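Engineer: Please work out how this folds:
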Amino acid sequence: MANSVPARSWIVLMIAWAVLASVWAVPAALAQDAAPDMEAASGENPAETLRLTLEEAVELALAYDLEHEIARLNWENARIDSRIAQASGPASAYDRLQQELEERRAENTYQTARRTLVMDVVEQYLNLKQAERQREIARRELAVAREELAIVREMVRIGERHAQDERREENRVAGLELSADAAARAYETQLREFLARLGLPENAAVELVDEPELLPFDWDLDATLAYAQEHAFAVWEREASLRMAAMDLEALRVQDPPPLQLEKAENEYRIAELNALQAERSFANDLRSAYYTLMDAARQYDSAAVDLELAQAAYDVARRQHEAGLSTDLDWAQAEIELLDAERAYYDSLYAYVTVRLELLNLIGHPLDFGEDSPDR
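Structural biologist: Residues are numbered from 1 along each chain as shown. Here you go, the predicted model:
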(Lines give C-alpha, C1' and ligand atoms only; values in the text may rest on other atoms or scores of the structure.)
Protein backbone atom coordinates (compact mmCIF):
# COMPACT_ATOMS: atom_id res chain seq x y z
CA MET A 1 0.00 0.00 0.00
CA ALA A 2 2.95 2.35 0.69
CA ASN A 3 4.16 2.09 -2.94
CA SER A 4 0.70 2.63 -4.48
CA VAL A 5 0.64 6.40 -3.81
CA PRO A 6 3.72 7.30 -5.89
CA ALA A 7 2.56 5.00 -8.69
CA ARG A 8 -0.86 6.67 -8.76
CA SER A 9 0.75 10.10 -8.87
CA TRP A 10 2.92 9.01 -11.79
CA ILE A 11 -0.16 7.84 -13.73
CA VAL A 12 -1.97 11.11 -13.11
CA LEU A 13 1.11 13.02 -14.25
CA MET A 14 1.28 11.02 -17.48
CA ILE A 15 -2.43 11.63 -18.19
CA ALA A 16 -2.06 15.35 -17.59
CA TRP A 17 0.96 15.47 -19.91
CA ALA A 18 -0.92 13.61 -22.66
CA VAL A 19 -3.98 15.85 -22.35
CA LEU A 20 -1.84 19.00 -22.41
CA ALA A 21 0.05 17.82 -25.49
CA SER A 22 -3.21 17.00 -27.26
CA VAL A 23 -4.73 20.38 -26.39
CA TRP A 24 -1.68 22.17 -27.78
CA ALA A 25 -2.32 20.30 -31.04
CA VAL A 26 -5.83 21.82 -31.54
CA PRO A 27 -4.69 25.01 -33.30
CA ALA A 28 -2.39 22.96 -35.51
CA ALA A 29 -5.22 20.60 -36.42
CA LEU A 30 -7.54 23.49 -37.23
CA ALA A 31 -4.83 25.06 -39.39
CA GLN A 32 -4.26 21.75 -41.14
CA ASP A 33 -7.97 21.47 -41.96
CA ALA A 34 -7.89 24.99 -43.43
CA ALA A 35 -4.70 24.31 -45.43
CA PRO A 36 -6.44 23.13 -48.64
CA ASP A 37 -8.39 26.40 -48.81
CA MET A 38 -5.23 28.46 -48.31
CA GLU A 39 -3.40 26.49 -50.97
CA ALA A 40 -6.25 26.92 -53.42
CA ALA A 41 -6.36 30.64 -52.75
CA SER A 42 -2.59 31.01 -53.20
CA GLY A 43 -2.16 28.87 -56.31
CA GLU A 44 0.05 29.78 -59.20
CA ASN A 45 -2.87 31.38 -61.10
CA PRO A 46 -5.32 32.52 -58.46
CA ALA A 47 -8.73 33.45 -59.84
CA GLU A 48 -10.00 36.91 -59.04
CA THR A 49 -12.76 36.71 -56.45
CA LEU A 50 -16.03 38.34 -57.44
CA ARG A 51 -17.62 40.07 -54.46
CA LEU A 52 -21.37 39.83 -54.99
CA THR A 53 -24.06 41.78 -53.21
CA LEU A 54 -27.57 40.39 -53.23
CA GLU A 55 -28.77 43.03 -55.67
CA GLU A 56 -25.83 42.39 -58.01
CA ALA A 57 -26.61 38.67 -57.99
CA VAL A 58 -30.21 39.42 -58.96
CA GLU A 59 -29.08 41.71 -61.79
CA LEU A 60 -26.71 39.05 -63.14
CA ALA A 61 -29.49 36.47 -63.10
CA LEU A 62 -31.92 38.81 -64.83
CA ALA A 63 -29.36 39.61 -67.52
CA TYR A 64 -28.69 35.91 -68.13
CA ASP A 65 -32.22 34.50 -67.88
CA LEU A 66 -34.24 34.14 -71.10
CA GLU A 67 -37.68 33.09 -69.90
CA HIS A 68 -38.61 36.39 -68.30
CA GLU A 69 -37.23 38.29 -71.32
CA ILE A 70 -39.44 36.26 -73.65
CA ALA A 71 -42.39 37.04 -71.40
CA ARG A 72 -41.48 40.74 -71.51
CA LEU A 73 -41.53 40.74 -75.31
CA ASN A 74 -44.87 38.93 -75.30
CA TRP A 75 -46.21 41.63 -72.99
CA GLU A 76 -44.91 44.31 -75.33
CA ASN A 77 -46.62 42.56 -78.25
CA ALA A 78 -49.88 42.47 -76.31
CA ARG A 79 -49.61 46.21 -75.78
CA ILE A 80 -48.96 46.69 -79.49
CA ASP A 81 -52.00 44.57 -80.35
CA SER A 82 -54.08 46.72 -78.02
CA ARG A 83 -52.90 49.92 -79.69
CA ILE A 84 -53.60 48.47 -83.13
CA ALA A 85 -57.12 47.52 -82.06
CA GLN A 86 -57.72 51.01 -80.68
CA ALA A 87 -56.54 52.56 -83.93
CA SER A 88 -58.87 50.35 -85.97
CA GLY A 89 -61.94 52.21 -84.83
CA PRO A 90 -64.50 52.28 -82.02
CA ALA A 91 -64.74 49.07 -79.97
CA SER A 92 -67.49 47.78 -77.74
CA ALA A 93 -67.15 47.69 -73.99
CA TYR A 94 -66.84 43.91 -74.23
CA ASP A 95 -63.99 44.11 -76.78
CA ARG A 96 -62.16 46.75 -74.75
CA LEU A 97 -62.40 44.62 -71.62
CA GLN A 98 -61.18 41.57 -73.52
CA GLN A 99 -58.21 43.52 -74.90
CA GLU A 100 -57.37 44.78 -71.42
CA LEU A 101 -57.63 41.26 -70.02
CA GLU A 102 -55.24 39.87 -72.62
CA GLU A 103 -52.76 42.70 -72.09
CA ARG A 104 -52.81 42.39 -68.32
CA ARG A 105 -52.46 38.61 -68.50
CA ALA A 106 -49.34 39.07 -70.60
CA GLU A 107 -48.08 41.62 -68.09
CA ASN A 108 -48.76 39.24 -65.21
CA THR A 109 -46.94 36.42 -67.01
CA TYR A 110 -43.91 38.66 -67.32
CA GLN A 111 -44.07 39.92 -63.74
CA THR A 112 -44.54 36.38 -62.45
CA ALA A 113 -41.51 35.10 -64.38
CA ARG A 114 -39.38 38.02 -63.23
CA ARG A 115 -40.45 37.92 -59.61
CA THR A 116 -40.05 34.16 -59.43
CA LEU A 117 -36.51 34.53 -60.71
CA VAL A 118 -35.75 37.25 -58.16
CA MET A 119 -37.11 35.23 -55.26
CA ASP A 120 -35.25 32.10 -56.40
CA VAL A 121 -31.95 33.99 -56.62
CA VAL A 122 -32.48 35.54 -53.18
CA GLU A 123 -33.21 32.13 -51.71
CA GLN A 124 -30.18 30.54 -53.41
CA TYR A 125 -27.93 33.38 -52.26
CA LEU A 126 -29.02 33.03 -48.64
CA ASN A 127 -28.98 29.22 -48.70
CA LEU A 128 -25.43 29.28 -50.05
CA LYS A 129 -24.30 31.52 -47.19
CA GLN A 130 -25.86 29.11 -44.70
CA ALA A 131 -24.25 26.13 -46.43
CA GLU A 132 -20.89 27.86 -46.05
CA ARG A 133 -21.51 28.41 -42.34
CA GLN A 134 -22.56 24.79 -41.86
CA ARG A 135 -19.45 23.59 -43.68
CA GLU A 136 -17.22 25.64 -41.37
CA ILE A 137 -19.02 24.39 -38.25
CA ALA A 138 -18.70 20.78 -39.42
CA ARG A 139 -14.97 21.25 -40.05
CA ARG A 140 -14.36 22.68 -36.61
CA GLU A 141 -16.44 20.06 -34.85
CA LEU A 142 -14.43 17.36 -36.60
CA ALA A 143 -11.11 18.95 -35.64
CA VAL A 144 -12.11 19.14 -31.97
CA ALA A 145 -13.46 15.58 -31.99
CA ARG A 146 -10.19 14.27 -33.43
CA GLU A 147 -8.24 15.93 -30.63
CA GLU A 148 -10.64 14.51 -28.05
CA LEU A 149 -10.13 11.07 -29.61
CA ALA A 150 -6.37 11.49 -29.29
CA ILE A 151 -6.77 12.24 -25.58
CA VAL A 152 -8.99 9.19 -25.04
CA ARG A 153 -6.52 6.97 -26.90
CA GLU A 154 -3.68 8.14 -24.67
CA MET A 155 -5.73 7.50 -21.56
CA VAL A 156 -6.60 4.03 -22.83
CA ARG A 157 -2.94 3.38 -23.50
CA ILE A 158 -1.98 4.15 -19.92
CA GLY A 159 -4.95 2.20 -18.55
CA GLU A 160 -7.14 5.06 -17.34
CA ARG A 161 -9.95 4.48 -19.85
CA HIS A 162 -11.51 1.35 -21.30
CA ALA A 163 -11.01 0.27 -24.90
CA GLN A 164 -14.74 0.67 -25.48
CA ASP A 165 -14.38 4.38 -24.76
CA GLU A 166 -11.89 4.60 -27.59
CA ARG A 167 -14.23 2.76 -29.96
CA ARG A 168 -17.06 5.06 -28.95
CA GLU A 169 -14.96 8.12 -29.73
CA GLU A 170 -13.78 6.62 -33.00
CA ASN A 171 -17.38 6.07 -34.01
CA ARG A 172 -18.26 9.65 -33.10
CA VAL A 173 -15.37 10.96 -35.19
CA ALA A 174 -16.45 8.79 -38.11
CA GLY A 175 -19.94 10.28 -37.88
CA LEU A 176 -18.54 13.80 -37.83
CA GLU A 177 -16.33 13.00 -40.81
CA LEU A 178 -19.42 11.92 -42.69
CA SER A 179 -21.23 15.11 -41.65
CA ALA A 180 -18.28 17.27 -42.71
CA ASP A 181 -18.10 15.56 -46.10
CA ALA A 182 -21.85 15.96 -46.57
CA ALA A 183 -21.67 19.65 -45.64
CA ALA A 184 -18.83 20.21 -48.09
CA ARG A 185 -20.71 18.44 -50.89
CA ALA A 186 -23.89 20.39 -50.13
CA TYR A 187 -21.97 23.65 -50.36
CA GLU A 188 -20.31 22.69 -53.65
CA THR A 189 -23.64 21.58 -55.15
CA GLN A 190 -25.41 24.78 -54.13
CA LEU A 191 -22.50 26.86 -55.39
CA ARG A 192 -22.61 25.23 -58.84
CA GLU A 193 -26.38 25.75 -59.07
CA PHE A 194 -26.03 29.38 -57.98
CA LEU A 195 -23.28 30.10 -60.51
CA ALA A 196 -25.32 28.46 -63.26
CA ARG A 197 -28.36 30.60 -62.39
CA LEU A 198 -26.19 33.73 -62.70
CA GLY A 199 -24.56 32.59 -65.95
CA LEU A 200 -21.11 32.45 -64.36
CA PRO A 201 -18.53 29.72 -65.10
CA GLU A 202 -18.51 26.73 -62.79
CA ASN A 203 -15.01 27.53 -61.49
CA ALA A 204 -15.76 31.19 -60.75
CA ALA A 205 -14.62 32.41 -57.33
CA VAL A 206 -17.38 34.38 -55.62
CA GLU A 207 -17.79 35.91 -52.20
CA LEU A 208 -21.28 36.71 -50.97
CA VAL A 209 -20.87 39.95 -49.05
CA ASP A 210 -24.46 40.95 -48.26
CA GLU A 211 -26.60 40.30 -45.22
CA PRO A 212 -30.24 41.30 -45.76
CA GLU A 213 -31.94 43.73 -43.45
CA LEU A 214 -35.04 42.76 -41.54
CA LEU A 215 -37.66 45.10 -42.96
CA PRO A 216 -40.69 45.11 -40.67
CA PHE A 217 -44.15 44.42 -42.06
CA ASP A 218 -46.38 46.75 -40.07
CA TRP A 219 -49.75 46.15 -41.75
CA ASP A 220 -52.42 44.24 -39.94
CA LEU A 221 -54.37 41.49 -41.68
CA ASP A 222 -57.26 43.73 -42.74
CA ALA A 223 -54.91 46.27 -44.34
CA THR A 224 -53.08 43.46 -46.14
CA LEU A 225 -56.34 42.03 -47.48
CA ALA A 226 -57.47 45.49 -48.59
CA TYR A 227 -54.22 46.08 -50.46
CA ALA A 228 -54.50 42.71 -52.19
CA GLN A 229 -58.08 43.45 -53.26
CA GLU A 230 -56.83 46.56 -55.03
CA HIS A 231 -53.48 45.41 -56.44
CA ALA A 232 -53.38 41.61 -56.81
CA PHE A 233 -53.78 40.50 -60.42
CA ALA A 234 -55.67 37.36 -59.41
CA VAL A 235 -58.40 39.52 -57.85
CA TRP A 236 -58.69 41.79 -60.88
CA GLU A 237 -58.68 38.88 -63.34
CA ARG A 238 -61.44 37.11 -61.42
CA GLU A 239 -63.63 40.21 -61.44
CA ALA A 240 -62.94 40.97 -65.12
CA SER A 241 -63.75 37.40 -66.16
CA LEU A 242 -67.00 37.54 -64.23
CA ARG A 243 -67.95 40.84 -65.89
CA MET A 244 -67.32 39.32 -69.31
CA ALA A 245 -69.49 36.32 -68.40
CA ALA A 246 -72.28 38.71 -67.36
CA MET A 247 -71.94 40.56 -70.70
CA ASP A 248 -72.16 37.25 -72.58
CA LEU A 249 -75.36 36.35 -70.74
CA GLU A 250 -76.91 39.78 -71.35
CA ALA A 251 -76.04 39.61 -75.04
CA LEU A 252 -77.73 36.22 -75.28
CA ARG A 253 -80.87 37.52 -73.58
CA VAL A 254 -81.13 40.36 -76.08
CA GLN A 255 -81.22 37.78 -78.89
CA ASP A 256 -84.34 36.14 -77.35
CA PRO A 257 -82.95 32.56 -77.41
CA PRO A 258 -84.99 29.38 -76.80
CA PRO A 259 -85.86 28.89 -73.12
CA LEU A 260 -83.62 25.84 -72.65
CA GLN A 261 -80.64 27.62 -74.20
CA LEU A 262 -81.22 30.63 -71.97
CA GLU A 263 -81.59 28.42 -68.91
CA LYS A 264 -78.32 26.68 -69.72
CA ALA A 265 -76.57 30.03 -70.17
CA GLU A 266 -77.91 31.26 -66.82
CA ASN A 267 -76.66 28.08 -65.16
CA GLU A 268 -73.24 28.60 -66.72
CA TYR A 269 -73.13 32.15 -65.42
CA ARG A 270 -74.12 30.91 -61.97
CA ILE A 271 -71.28 28.38 -62.16
CA ALA A 272 -68.92 31.23 -63.07
CA GLU A 273 -70.14 33.18 -60.02
CA LEU A 274 -69.61 30.20 -57.74
CA ASN A 275 -66.16 29.52 -59.18
CA ALA A 276 -65.26 33.17 -58.61
CA LEU A 277 -66.50 32.97 -55.02
CA GLN A 278 -64.52 29.79 -54.45
CA ALA A 279 -61.39 31.40 -55.91
CA GLU A 280 -61.93 34.45 -53.71
CA ARG A 281 -62.14 32.30 -50.58
CA SER A 282 -59.10 30.29 -51.59
CA PHE A 283 -57.10 33.48 -52.23
CA ALA A 284 -58.13 34.92 -48.87
CA ASN A 285 -57.11 31.70 -47.11
CA ASP A 286 -53.75 31.68 -48.87
CA LEU A 287 -53.18 35.30 -47.92
CA ARG A 288 -54.06 34.69 -44.27
CA SER A 289 -51.72 31.71 -44.17
CA ALA A 290 -48.88 33.73 -45.71
CA TYR A 291 -49.54 36.64 -43.34
CA TYR A 292 -49.48 34.51 -40.19
CA THR A 293 -46.42 32.64 -41.45
CA LEU A 294 -44.64 35.98 -41.72
CA MET A 295 -45.75 37.01 -38.23
CA ASP A 296 -44.46 33.68 -36.85
CA ALA A 297 -41.16 34.19 -38.69
CA ALA A 298 -40.83 37.62 -37.08
CA ARG A 299 -41.32 36.16 -33.61
CA GLN A 300 -38.84 33.37 -34.32
CA TYR A 301 -36.32 35.99 -35.43
CA ASP A 302 -36.79 37.93 -32.19
CA SER A 303 -36.18 34.76 -30.18
CA ALA A 304 -33.10 33.86 -32.24
CA ALA A 305 -31.72 37.38 -31.78
CA VAL A 306 -31.96 36.98 -27.99
CA ASP A 307 -30.30 33.55 -28.20
CA LEU A 308 -27.46 35.06 -30.22
CA GLU A 309 -27.01 37.86 -27.71
CA LEU A 310 -26.75 35.31 -24.89
CA ALA A 311 -24.34 33.19 -26.93
CA GLN A 312 -22.11 36.21 -27.55
CA ALA A 313 -22.08 36.97 -23.81
CA ALA A 314 -21.09 33.37 -23.05
CA TYR A 315 -18.42 33.58 -25.74
CA ASP A 316 -16.97 36.73 -24.14
CA VAL A 317 -16.80 34.92 -20.80
CA ALA A 318 -15.03 31.96 -22.42
CA ARG A 319 -12.58 34.32 -24.15
CA ARG A 320 -11.67 36.05 -20.89
CA GLN A 321 -11.23 32.69 -19.14
CA HIS A 322 -8.97 31.49 -21.93
CA GLU A 323 -6.90 34.67 -21.89
CA ALA A 324 -6.53 34.31 -18.12
CA GLY A 325 -5.33 30.74 -18.46
CA LEU A 326 -8.41 29.25 -16.82
CA SER A 327 -9.38 27.09 -19.79
CA THR A 328 -7.63 25.02 -22.43
CA ASP A 329 -7.36 25.63 -26.17
CA LEU A 330 -9.81 22.78 -26.58
CA ASP A 331 -12.35 24.60 -24.41
CA TRP A 332 -11.79 27.76 -26.43
CA ALA A 333 -12.30 25.92 -29.72
CA GLN A 334 -15.57 24.50 -28.41
CA ALA A 335 -16.73 27.98 -27.37
CA GLU A 336 -16.06 29.25 -30.88
CA ILE A 337 -18.13 26.41 -32.34
CA GLU A 338 -21.03 27.20 -30.02
CA LEU A 339 -20.99 30.84 -31.11
CA LEU A 340 -20.87 29.86 -34.78
CA ASP A 341 -23.83 27.55 -34.26
CA ALA A 342 -25.81 30.34 -32.57
CA GLU A 343 -25.00 32.65 -35.48
CA ARG A 344 -26.16 30.01 -37.94
CA ALA A 345 -29.48 29.67 -36.09
CA TYR A 346 -29.88 33.45 -36.04
CA TYR A 347 -29.33 33.76 -39.77
CA ASP A 348 -31.68 30.83 -40.36
CA SER A 349 -34.45 32.85 -38.76
CA LEU A 350 -33.48 36.06 -40.56
CA TYR A 351 -33.35 34.40 -43.97
CA ALA A 352 -36.65 32.63 -43.36
CA TYR A 353 -38.28 35.97 -42.58
CA VAL A 354 -36.83 37.60 -45.70
CA THR A 355 -38.06 34.85 -48.04
CA VAL A 356 -41.52 34.62 -46.46
CA ARG A 357 -41.89 38.40 -46.67
CA LEU A 358 -41.07 38.35 -50.38
CA GLU A 359 -43.65 35.63 -50.92
CA LEU A 360 -46.34 37.69 -49.18
CA LEU A 361 -45.46 40.84 -51.14
CA ASN A 362 -45.67 38.89 -54.38
CA LEU A 363 -49.03 37.40 -53.40
CA ILE A 364 -50.69 40.75 -52.68
CA GLY A 365 -49.22 42.45 -55.75
CA HIS A 366 -46.82 44.71 -53.85
CA PRO A 367 -43.48 45.62 -55.49
CA LEU A 368 -40.53 43.62 -54.24
CA ASP A 369 -37.56 45.35 -52.67
CA PHE A 370 -35.62 45.13 -55.94
CA GLY A 371 -35.79 43.52 -59.36
CA GLU A 372 -38.90 45.39 -60.50
CA ASP A 373 -39.05 46.49 -64.12
CA SER A 374 -41.35 47.67 -66.90
CA PRO A 375 -41.35 46.97 -70.65
CA ASP A 376 -40.19 50.53 -71.31
CA ARG A 377 -36.75 50.04 -69.74
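
Engineer: So what's the residue count around residue 176?
Structural biologist: 19 (other CB atoms under 10 Å). All C-beta atoms are positioned from the backbone trio N, CA, C, and that covers glycine.

Engineer: Give me the spatial nearest neighbour of it, chain neighbours excluded.
Structural biologist: residue 142 (4.5 Å; CB to CB, 6 or more residues apart in numbering).

Engineer: so which helix or strand takes in that neighbour?
Structural biologist: helix 93-157 (DSSP states H and E).

Engineer: re earlier: make sure the residue nearest to residue 176 is actually in contact with residue 180.
Structural biologist: Yes: counting by CB atoms under 8 Å, residue 180 is a contact partner of residue 142 at 4.7 Å.

Engineer: Please verify my assumption that residue 305 contacts residue 348.
Structural biologist: No: the criterion here is CB under 8 Å, and residue 305 misses it with residue 348 at 11.8 Å.

Engineer: what mean pLDDT does the helix holding residue 142 have?
Structural biologist: For helix 93-157, the mean per-residue pLDDT is 94.

Engineer: which strands and helices sit next to that helix?
Structural biologist: Contacts defined by 3 or more CB pairs under 8 Å, 6 or more residues apart in numbering; DSSP states H and E place helix 93-157 against helix 4-41, helix 54-64, helix 67-87, helix 163-198, strand 206-208, helix 233-254, helix 329-364.

Engineer: Would you convert those into JSON lines that also reports mean pLDDT and distance to residue 135?
Structural biologist: JSON lines is the format used below for the helices and strands packed on helix 93-157 (pLDDT from 0 to 100; distance: least, CB to CB, whole Å):
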{"stretch": "helix 4-41", "mean pLDDT": "39", "distance to residue 135": "10"}
{"stretch": "helix 54-64", "mean pLDDT": "94", "distance to residue 135": "20"}
{"stretch": "helix 67-87", "mean pLDDT": "90", "distance to residue 135": "31"}
{"stretch": "helix 163-198", "mean pLDDT": "96", "distance to residue 135": "4"}
{"stretch": "strand 206-208", "mean pLDDT": "95", "distance to residue 135": "13"}
{"stretch": "helix 233-254", "mean pLDDT": "94", "distance to residue 135": "41"}
{"stretch": "helix 329-364", "mean pLDDT": "96", "distance to residue 135": "11"}
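
Engineer: Which strand or helix spans the residue lying closest to residue 192 once chain neighbours are set aside?
Structural biologist: In space, residue 192 comes closest to residue 202 once its chain neighbours are excluded; the distance is 5.8 Å by CB to CB, 6+ apart. Element membership of residue 202, judged by DSSP H and E, is empty: it is in no helix or strand.

Engineer: For residue 134, which non-adjacent residue is spatially closest?
Structural biologist: Counting by CB to CB, 6+ apart, the residue nearest residue 134 is residue 183, at 5.0 Å.
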